[in-house]
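**Q** next one to model:
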Amino acid sequence: MGELLARQLRRSVRLPAIAAAALYGLWQHRKLRRDASRAECAKWLHQSCARGLSAINVHLSSTGALPSHGLIVSNHLSYLDILVMSAAVPCVFVSKAEVEQWPIFGRYARWAGSVFVQRHDRADAARANVSVAESLQIGVPVVLFPEGTTTDGQSVLRFHSTMLQPAIDAGAQVTPCCIRYELDDGAVEREVCWWGDMALLPHVLNLLAKKTIRATIAFGDPMPATGDRKQLSQTLHREVLRLHEQRRSRGETGLVDSAAAPLHSE
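**A** Prediction:
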């Protein structure tokens, strides 16, 4: 009974806290110039997401050097990945088109300069590639989740290679990375990872009741985007998989706090 009350209390405190953080972020966006650059929008999202993580007691750490430009390629576990990645690195995202219609999330994504792409639509992918190339050329990091969907974190799915072409054309660097979560009071694969046919609202409400969520981003060594995109995709998949297995075997030993997104606690 005591733990049930504690869960309800945490949820009742964090729900208005995350709502206030979201609304404050939307208000802060009004201070940006109408012609604000993608870098300015990325910085706004970076600050907003850091406040959001603090509101729900997510502790963020990272290993490896934080990339300041180029393409960032990551595994994909949850809607929480967006907050975590943006709080670590000011960036823009490549996202499936449906996200643009999500409440609050969609508005944030649109205002932050996310590149929305219709899956399985080659013509739309070509349009999206142009937007990705523009961000890379002006030095704003672009985050890509090439699995194309979220998973339970037990494996890393095959990477789709289409959206890698702009990085190759621009001669940009690509940084592989791996996101991982930990809980003391639950199962990450069901209560942090959001995948399959899980309903969004019940998942979010349950997440808000967790004691603490520890998020880690392991950044690998950057590599030049060269050659055939399918070969590059396979190389990146191997590296992300290596980081994934490394984190599973080592646990959280050796983590360092990210300067871009320091640890937050209640």
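
**Q** for the chain, longest strand please?
**A** Ranked by residue count and defined by DSSP state E, the top strand of the chain is strand 173-183.

**Q** elements contacting that strand?
**A** Here strand 173-183 touches strand 71-74, helix 80-88, helix 188-191, strand 213-219, strand 223-224, helix 229-250, going by 3 or more CB pairs under 8 Å, 6 or more residues apart in numbering; DSSP states H and E. From N, CA and C alone the C-beta is placed, and that goes for glycine too.

**Q** nearest to T175, of these?
**A** Evaluated over those, closeness to T175 peaks at strand 71-74, with 5.0 Å, by CB to CB.

**Q** partners of that closest one, with directions?
**A** Here strand 71-74 is paired, per DSSP bridges, with strand 142-144 (parallel), strand 173-183 (parallel).

**Q** in TSV, list those along with distance to L77, mean pLDDT and mean neighbour count.
**A** Output for these, formatted as TSV (distance: least, CB to CB, whole Å; pLDDT from 0 to 100; neighbours: other CB atoms under 10 Å):
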stretch	distance to L77	mean pLDDT	mean neighbour count
strand 142-144	13	96	25
strand 173-183	6	97	22
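
**Q** with distance to S74 added, can I get the ones you listed in a markdown table?
**A** Shown next, in a markdown table, are the strands paired with strand 71-74 (distance: least, CB to CB, whole Å):
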| stretch | distance to S74 |
| --- | --- |
| strand 142-144 | 6 |
| strand 173-183 | 5 |
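
**Q** residues touching L164, list them.
**A** For L164, the contact set (CB atoms under 8 Å, 6 or more residues apart in numbering) comprises 71, 73, 144, 146, 174, 225, 229, 232-233, 236.

**Q** lowest confidence element among the helices and strands of this protein?
**A** In the chain, no helix or strand scores lower on mean pLDDT, DSSP states H and E than strand 256-257, which sits at a mean of 42.

**Q** quick check: the gap between the closest residue to Q173 other than its chain neighbours and R229.
**A** If the residues on either side of it in the chain are set aside, Q173 comes closest to G70, at 3.8 Å by CB to CB, 6 or more residues apart in numbering. Distance of G70 to R229, given as CB to CB, to the nearest Å: 15 Å.
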